[in-house]
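Asks: Sequence plus the predicted model coming up.
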Amino acid sequence: MTAATDEKLYKIGEVCKLADVQPYVLRYWETEFPQLAPNKSGGGQRLYTRREIDTILRIKELLYREGFTIAGAKKKLETEAEGPVAPAPAEPSTDLIANVKRELKEILRLLG
């Protein structure tokens, strides 16, 4: 088996809990963000990879915390995928660090 076939896949319900969004939100984001293209099981159940979950969490952050529009979030994700354009700030804000730590703890708790 290859590493790709060993990768854990997550059902839409699990991803909704991790990201704290409704299934219809994920389905809509799939239509807007080409980075989200979950495979489907034989029964049609969406199966998300860890990378797609990371993308979902980033989309949520851009839309809900940073106030981006869908179009703006698309551009931002494309820019981030291309690599850094400008140097990152020397020190991130402590609020951002605290939020990221909280989210990571929650994700790890949910993943068990």
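Replies: Sure thing, it's come through.

Asks: does residue 44 count as helix, strand or coil?
Replies: What DSSP: H, G, I helix; E, B strand; the rest coil gives for residue 44 is coil.

Asks: Count the neighbours of it for me.
Replies: By the criterion of other C-beta atoms under 10 Å, residue 44 has 6 neighbours. In short, each C-beta sits where N, CA and C put it, glycine included.

Asks: and what of residue 99?
Replies: By other C-beta under 10 Å, 13 other residues sit near residue 99.

Asks: Tell me how far the nearest residue to it once chain neighbours are set aside lies from residue 19.
Replies: With sequence-adjacent residues excluded and distances taken as C-beta to C-beta, 6 or more residues apart in numbering, residue 99 is closest to residue 65, at 7.6 Å. Relative to residue 19, residue 65 is positioned 13 Å away (criterion: C-beta to C-beta, to the nearest Å).

Asks: Burial check on residue 53, number of neighbours?
Replies: Residues near residue 53, counting by other C-beta under 10 Å: 19.

Asks: how about it, what does it touch?
Replies: Residues counted as contacts of residue 53 (C-beta atoms under 8 Å, 6 or more residues apart in numbering) are 10, 15, 18-19.

Asks: Next: residue 56.
Replies: With C-beta under 8 Å, 6+ apart as the criterion, the residues that contact residue 56 are 15, 19, 21, 26, 29, 36, 48.

Asks: so where's the chain shaky on pLDDT?
Replies: Along the chain, the model assigns pLDDT under 70 to residues 1-6, 84-96.
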